[in-house]
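>>> For reference, the sequence and a predicted model appear below.
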Amino acid sequence: MTDYMAGVMLANGVIWIWAMALATFSDFFSQIPYVVLALVTYLIYILGATLASYLVCKRASSKHLVVGLKLAGLAWFFSLIMLLGSTTGPTPALALVLLVCYGAGGMAGGYLALRSELGSRKIIQDRELSE
């Protein structure tokens, strides 16, 4: 459970840093079209979830995709709790977008971790066969 919570904090930490950058450099970001900022924000949500999911899944011994999805669900739930403290609160549309972004990132991180582990196993098997 500790790994999951660390992953949740990492996924939301990346997003929190992006939100703080948007607020701090609002003069710069106000010159960028809102559509571009929205797309970049979605990508950052996905990348934050991917990074956290990958790192947690690397520690898992099996069921990487399930672990990635569990982490995505927990990160989504935690982000909704954090948004409750904001002035606007989470809207249903925002909750759905966050769920899709976290889900995509969780699956991507789980897939990348699984692919990395399978590659490592193949290298170990090749070494054992050559000896």
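Right, received. Where do you want to start?

>>> how about residue 72, secondary structure?
Look at residue 72: counting by DSSP: H, G, I helix; E, B strand; the rest coil, its state is helix.

>>> Just the pLDDT at the residue lying closest to it once chain neighbours are set aside, thanks.
Spatial nearest neighbour of residue 72, excluding adjacent residues (CB to CB, 6 or more residues apart in numbering): residue 106 at 2.7 Å. Every C-beta, even on glycine, is put in place using the N, C-alpha and C of the backbone. Predicted confidence (pLDDT) at residue 106: the value is 93.

>>> can you pull the contacts of residue 105?
11, 45-53, 72 (CB atoms under 8 Å, 6 or more residues apart in numbering).

>>> what helix or strand is the residue nearest to residue 72 on?
Secondary structure assignment for residue 106, by DSSP states H and E: helix 92-130.

>>> buried set for that helix?
Neighbour-count burial for helix 92-130, counted by 16 or more other CB atoms under 10 Å, picks out 98-99, 101-114, 117.

>>> Kindly report the same for stretch 57-74.
57-58, 60, 64-65, 67-74.

>>> How about stretch 72-85?
Going by neighbour count (16+ other CB under 10 Å), the buried part of stretch 72-85 is 72-76, 78-79.

>>> follow-up on the earlier one: residue 1 versus the residue nearest to residue 72, what's the distance?
Between residue 106 and residue 1 the computed distance is 17 Å (CB to CB, to the nearest Å).

>>> does residue 90 sit in a helix, a strand or a coil?
Going by three-state DSSP: residue 90 is coil.
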